[in-house]
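Q: The following comprises the amino acid sequence and a computationally predicted model.
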Amino acid sequence: MDSSSIVKTSEQGAGPDIITVDSQEVYANRWMMVREDKILRRDGSPGLYGYVDKPDFVMILPFDRGLVHLVQQFRYPIKSRQWEFPQGSWEEKPDADPGELARGELQEETGLIAGSLIRIGTIYPLYGTVTQRCHVFFATDLTPGENKLEHEEQDLVRAAVSVDELQRMILDGDLQDAGTIAAFGLARLRKLL
């Protein structure tokens with residue numbers, strides 16, 4: 001389907017959808033910045049947007065010998081351990097090449113080195129609240145190496161499961177990470193799994 005086949009239910013006007021009148025930093029640390037923007041809508045009415053500004057990150061779907069590799073760690077905001085594909089960003093290098101970042105994060109979290117790494121998509125995990133994009137990669141021809149966990153990842157554990165088991169984990173709610181589920185969907189749509 002191309003964009004010409006999309007039926008629009010309302011017409012857009014000639015002016016911009018939203019104009020930013022003022023923007024201020026409310027809070028910042030090394031991982032994120034919270035911003036609050038005063039805005040004007042198309043009809044001239046004022047509004048306020050609060051959002052989190054974060055650097056992009058990568059997610060890697062490692063697949064080898066019929067198995068997908070997962071990591072699990074404690075996710076503090078939801079106070080729960082969660083299964084997911086390896087993922088991350090480099091705070092000290094927010095503009096790093098996504099392919100380089102993907103190779104680095106894969107080895108850091110799993111010890112695996114990808115012989116082949118292809119980009120299969122880009123998603124916005126939470127674009128109503130966060131500016132961050134996720135670059136999704138499919139990694140194959142994996143060889144074991146040495147993992148290099150960051151201090152914050154000291155609780156990380158790894159597992160390799162079949163595609164059927166991964167699908168069961170998603171359907172049964174044992175894996176709830178939206179990015180991992182989206183990456184799995186991208187790989188299936190591209191017929192990589």
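A: Looks like it arrived, so ask away.

Q: Taking the centroid of this structure, which residue is nearest it?
A: Closest to where the C-alpha atoms of the chain average out (C-alpha atoms, centre = their mean) is C134, at 3.6 Å.

Q: residues near R81, how many?
A: Look at R81: counted by other C-beta atoms under 10 Å, it has 12 neighbours. No exception for glycine: its C-beta is placed from N, CA and C like everyone else's.

Q: Now the host helix or strand of it: buried residues?
A: Using DSSP states H and E, R81 sits within strand 80-84. Across strand 80-84, burial judged by 16 or more other C-beta atoms under 10 Å covers 82-84.

Q: go on, stretch 66-84?
A: Buried residues in stretch 66-84, defined by neighbour count with 16+ other C-beta under 10 Å: 67-71, 73, 82-84.

Q: Tell me where the protein has strands.
A: 18-28, 33-41, 46-53, 57-64, 67-75, 80-84, 87-88, 112-123, 134-144, 157-162 (DSSP state E).

Q: Now the shortest one: average pLDDT?
A: Rounded to a whole number, the mean pLDDT of strand 87-88 is 96.

Q: returning to what we had before: tabulate the strands of the chain (CSV), appending distance to A182.
A: Output for the strands of the chain, formatted as CSV (distance: least, C-beta to C-beta, whole Å):
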stretch, distance to A182
strand 18-28, 26
strand 33-41, 25
strand 46-53, 19
strand 57-64, 8
strand 67-75, 14
strand 80-84, 11
strand 87-88, 11
strand 112-123, 5
strand 134-144, 7
strand 157-162, 18
